[in-house]
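Q: I would like to see how this sequence folds:
(chains A, B, C and D)
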2 protein chains.
Amino acid sequence: MDSRRRITISDVAKKAGVSIATVSRVLNGTDYPVKDSLRKAVLRAAEQMNYTPNFFGRSLKSGKSNDIGVILPSMINPFYSEVIAGTEKECRDAGYNPIFCSSNNEPEKELEQIRLMRKKCVEGLLISTINADSGPLRRYIMGNSNVVLFDQPAEGLSCGSVGYDFTLAGALAAHYLTGKGHRRIAFLSPPLDRPSRRAIFKGFRRALEESDVGFRPEDLIVLPSETALDEKGNYEFENGHRLARAFLKMHCPATAAVAINDITAFGVIQELLRSGRRVPGDISVMGFDNINFSAMVNPALTTVSQPSFEMGRLAARVLIGGLQKADRREAAEHILLKPEVIERESVCTLRPGTDGKEKSMKSLDNQQKHPYT
Amino acid sequence: MDSRRRITISDVAKKAGVSIATVSRVLNGTDYPVKDSLRKAVLRAAEQMNYTPNFFGRSLKSGKSNDIGVILPSMINPFYSEVIAGTEKECRDAGYNPIFCSSNNEPEKELEQIRLMRKKCVEGLLISTINADSGPLRRYIMGNSNVVLFDQPAEGLSCGSVGYDFTLAGALAAHYLTGKGHRRIAFLSPPLDRPSRRAIFKGFRRALEESDVGFRPEDLIVLPSETALDEKGNYEFENGHRLARAFLKMHCPATAAVAINDITAFGVIQELLRSGRRVPGDISVMGFDNINFSAMVNPALTTVSQPSFEMGRLAARVLIGGLQKADRREAAEHILLKPEVIERESVCTLRPGTDGKEKSMKSLDNQQKHPYT
DNA sequence: CTGTTAGCGCTTTCAA
DNA sequence: TTGAAAGCGCTAACAG
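A: The predicted structure follows:
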């Protein structure tokens, strides 16, 4: 960054008229005893020369980088932006530097990023993996130390994790909607290839089957393939458009639709609105995630929250906690975050005994609580 | 990451029965001549031991880190998420690793991040500064090398920059709206303390004054102070709510409102809708930025684009270009990105000769082109 | 073609 | 209380 050669510790030592050892001692703020006059001289020299210690020298010597690698499927998706915010805060507060990188939803790239992080000697790794099969991951994650997985479940990896109860989330959505009087509920999703998606659907379906309303296979609308993700990354919205078109085309009689996540729900709502349907008047829509924007769209989205910021923060906390324990043989920590339904405006309550084609009522009334929390 | 001591180059050398120099040569893929049998032995040993070179050793020796620091006001704001995506792509394609960090909109923190990046010996720095006064920045940005500023203008710094024509953006919005028949247009913003905000307003006001419609001071509605930013970072939306309330309370007769950015516009629209106004039926709303979500809200937001992804990409490109030029005395590169209005659904066209209280017409018609491009 | 060796900047023993 | 010196892992100049 300087145009000139970088100032090193020995430049400072020379100027202050002391040894490099002394410089190192005062600049590292240890309680090592140094005569006050020398200490002042060092401080002044360093200040005057605008000295900045070189991390590489230090890290090479100490074997510690102070870095934590964070690998995400995407950095443009607001869900992960919120994770990043939580992670960054927690890491910096603890004196670590997070290094974020995205796998861009490509399994091979994820592995590449892991390799890169190893080269950079990160002290730990936070991963939201898209390698459904944990095999390849295992190769790079040796021992159970210093890695915590979050967001996406990964079986058979003996490392810490911060997960989310996707199954319960699906169930919560089903209960909420049936509680509002809906008897036919469509489930709208791109291919159920990720464990998280499958879990949401499983919970949703089971909750319906265990209630008196039941679930009909024709109410599951799955896209044949995911929309290709462009550079800007908002393929999920486009998925929503396609899903709504499919829904409309097959004249699905559902009075409510659950989309696999908030952005997809935005696409569904927009397409429905453009086709002349009212939301939630004609059909109610729910999402999953509760990203910031869910509160900003119109109608504001009723959704099931996945605490993104908290997840990012906790993942960092678990990792750092493990780092600081000398004893690595301790059991890895596992945390499971709970979903919660966030009531807003995109779901209407149906009057009992009707078939759902009536007018909407704002669902902001809180009278109908869901059975879980 | 391993539970055991890390494998070093000399471990590999020992196992392969060669010197460390040979290992270095084959593993770095130079065209340095090495006998084929030895090369194979090295490769095999490295593979078997799962050897990963240590960047610190390499960087210390070579003086190059391959890292590029990127400092942003926020990582949760989707505008910057898009910048990040562009930057990450460009950096990785060129073999650099971007290191993202946020100043959290705090000038002091920005400086701290710059210091940190220096310690980490980044080869260059990309900054969207919030230090309006470039004085403190200059202290850390010595020489004109290896820094490029983007997004926010900063005067008097002799480094590369990728800017955006905020003034033109403001003018474009004004022209677009007057072209649609609007004669009273409110300008809604938190305090005009940042150069970018001031520039937008300046362009907006001047365009109005130079046209036949003029600008009235009472149509500028500025919040006394910005909403405090919470951890989740969506204070701009709240600003929009407050702005709309102020607009309503003062019975502003404007038929259109321009908000300082898209998220603020979302807040404005939502509050207007909740007060019973129709958008764009009763009042049209425009934003600035064209973040991904602008297309997802209802009505979809008509806005003036600031090419975020492109900006991030270009900033990285300019920086890397400079890095690779041996001659640092060359003039720093400056790029100015142009705004463009993105027509969607939040602006209606007024029939000439009426006072704007009539019904909306979808503005998706493209008949009325704005005078710039 | 291959190996030996000198450092890169820093921390930290060890000796004074 | 201070300084000398070893050495972290790696690259590259130099010698063979």
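
Q: let me see the ranges of the helices in chain A.
A: Under the criterion DSSP state H, chain A contains helices at A:9-16, A:20-27, A:36-49, A:55-62, A:78-93, A:107-119, A:135-140, A:166-179, A:195-210, A:235-249, A:262-274, A:308-324.

Q: nearest to residue B:273, of those helices?
A: Closest approach to residue B:273 among the helices of chain A (C-beta to C-beta): helix A:262-274, 13.2 Å. C-beta here means a position set from N, CA and C on the backbone, and glycine is covered the same way.

Q: who are the packing partners of that closest one?
A: Applying 3 or more C-beta pairs under 8 Å, 6 or more residues apart in numbering or on different chains; DSSP states H and E, one finds that helix A:262-274 makes contact with strand A:185-189, helix A:235-249, strand A:256-259, strand A:284-289.

Q: which one of these lies closest to chain B?
A: Nearest of the helices and strands packed on helix A:262-274 to chain B, taken as C-beta to the nearest C-beta: helix A:235-249 at 5.6 Å.

Q: need the contact partners of that closest one.
A: With C-beta atoms under 8 Å, 6 or more residues apart in numbering or on different chains as the test, helix A:235-249 has contacts from A:77, A:186, A:188-190, A:221, A:223, A:226-229, A:254, A:257, A:259, A:261, A:263-272, A:275, A:277, B:292, B:295-296.

Q: and the residue lying closest to residue A:32 once chain neighbours are set aside, how many residues sit next to it?
A: What sits nearest to residue A:32 in space, not counting adjacent residues and going by C-beta to C-beta, 6 or more residues apart in numbering or on different chains, is residue A:25, at 4.6 Å. By other C-beta atoms under 10 Å in any protein chain shown, the residues close to residue A:25 number 19.

Q: what does residue A:138 give?
A: Neighbourhood size, residue A:138 [other C-beta under 10 Å]: 15.

Q: does it touch residue A:158 like I think?
A: No: using C-beta atoms under 8 Å, residue A:138 is not in contact with residue A:158; the gap is 9.2 Å.

Q: please see if stretch A:295-313 touches chain B.
A: Yes: counting by C-beta under 8 Å from any C-beta of the partner chain, chain B is contacted by stretch A:295-313 at A:295, A:296, A:297, A:298, A:300, A:309.

Q: mean confidence for that stretch?
A: Stretch A:295-313 shows a mean pLDDT of 97.

Q: now do it: distance from first to last residue.
A: Taking C-alpha to C-alpha, to the nearest Å, the first and last residues of stretch A:295-313 lie 22 Å apart.

Q: how distant is it from the center of its chain?
A: The chain centre lies 12 Å from the centre of stretch A:295-313; the measure is C-alpha atoms, centre = their mean, to the nearest Å.

Q: got it, and stretch A:183-200?
A: Here stretch A:183-200 is found 18 Å from its chain centre; the criterion is C-alpha atoms, centre = their mean.

Q: need the CA coordinates for it. CSV is fine.
A: What follows is stretch A:183-200, C-alpha atoms only, in CSV (Å, rounded to 0.1, in the frame of the first residue of the first chain):
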residue,chain,number,x,y,z
ARG,A,183,-58.4,-27.0,3.9
ARG,A,184,-56.5,-27.2,0.6
ILE,A,185,-53.0,-25.9,0.8
ALA,A,186,-50.5,-26.1,-2.1
PHE,A,187,-46.8,-26.6,-1.5
LEU,A,188,-44.7,-24.8,-4.1
SER,A,189,-41.0,-25.6,-4.6
PRO,A,190,-38.1,-26.1,-6.9
PRO,A,191,-36.8,-29.7,-6.9
LEU,A,192,-36.7,-31.1,-3.4
ASP,A,193,-33.1,-32.0,-3.7
ARG,A,194,-31.7,-30.4,-0.7
PRO,A,195,-32.2,-31.9,2.7
SER,A,196,-33.6,-28.6,4.0
ARG,A,197,-36.3,-28.5,1.4
ARG,A,198,-37.2,-32.1,1.9
ALA,A,199,-37.4,-31.6,5.7
ILE,A,200,-39.7,-28.6,5.3
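
Q: residue A:112: neighbouring residues, count only.
A: Neighbours around residue A:112, by other C-beta under 10 Å: 15.

Q: er, residue A:261 actually
A: For residue A:261, the neighbour count with other C-beta under 10 Å is 25.

Q: roughly how far apart are it and DNA strand C?
A: Applying C-beta to the nearest atom of the strand, to the nearest Å, the value for residue A:261 to DNA strand C is 45 Å.

Q: contact partners for that residue?
A: Applying C-beta under 8 Å, 6+ apart to residue A:261 gives the contacts A:79, A:236, A:287, A:288, A:289.

Q: mind running it again at 7 Å?
A: Applying C-beta atoms under 7 Å, 6 or more residues apart in numbering or on different chains to residue A:261 gives the contacts A:236, A:287, A:288, A:289.

Q: out of those, which is nearest to residue A:209?
A: Distances from residue A:209 to these, taken as C-beta to C-beta, are shortest for residue A:288 (19.6 Å).

Q: hang on, the closest one packs against residue A:301?
A: No: when contacts are counted by C-beta atoms under 7 Å, residue A:288 is not listed as touching residue A:301 (10.1 Å).

Q: tell me which of these two has more neighbours.
A: residue A:288 (30 against 27).

Q: neighbours of the closest residue in space to residue A:117 that isn't next to it in sequence, just the number please.
A: Leaving aside its sequence neighbours, residue A:117 sits nearest to residue A:69 (C-beta to C-beta, 6+ apart; 3.5 Å). Using other C-beta under 10 Å, residue A:69 is surrounded by 25 other residues.

Q: list the beta-bridge partners for residue A:69.
A: residue A:99, residue A:125 (DSSP bridges).

Q: up against DNA strand C, what does the stretch 1-150 of chain A have?
A: Within the stretch 1-150 of chain A, the positions near DNA strand C by C-beta under 7 Å from any atom of the strand are A:5-6, A:8-10, A:20-21, A:24-25, A:27-28, A:30, A:53-54, A:56-58, A:60-62.

Q: how close does the residue lying closest to residue A:19 once chain neighbours are set aside sit to residue A:75?
A: Nearest non-adjacent residue to residue A:19, counting by C-beta to C-beta, 6+ apart: residue A:13, 5.9 Å away. Residue A:13 sits 42 Å away from residue A:75, going by C-beta to C-beta, to the nearest Å.

Q: then residue A:35?
A: Between residue A:35 and residue A:75 the distance is 50 Å, computed by C-beta to C-beta.

Q: related to what we said a few turns ago, which one of residue A:13 and residue A:75 has more residues nearby?
A: More neighbours surround residue A:75 than the other of residue A:13 and residue A:75, with 25 against 19 (other C-beta under 10 Å).

Q: quick check: neighbours shared by residue A:288 and residue A:301?
A: Joint contacts of residue A:288 and residue A:301 (C-beta under 7 Å, 6+ apart) are residue A:262.

Q: shaky segments in the stretch 201-350 of chain A?
A: For the stretch 201-350 of chain A, the stretches flagged by pLDDT under 70 are A:231-233, A:326-330.

Q: returning to what we had before: from DNA strand D, how far out is the residue nearest to residue A:19?
A: 8 Å.

Q: what's the distance between that residue and residue A:21?
A: Distance, residue A:13 to residue A:21, using C-beta to C-beta: 8 Å.

Q: could you list the domains of chain A?
A: Per automatic domain parsing, the structural domains of chain A span A:9-53, A:64-164+A:309-339, A:166-305+A:341-366.

Q: span of the first one from start to end?
A: In this case it means domain A:9-53. 7 Å.

Q: pLDDT (mean, whole number) over that domain?
A: 90.

Q: how far out from the middle of the chain is it?
A: Domain A:9-53 sits 43 Å away from the centroid of its parent chain (C-alpha atoms, centre = their mean).

Q: and residue A:336, bridged to which residues?
A: residue A:163.

Q: how much space between it and DNA strand C?
A: For residue A:336, the distance to DNA strand C - C-beta to the nearest atom of the strand - is 38 Å.
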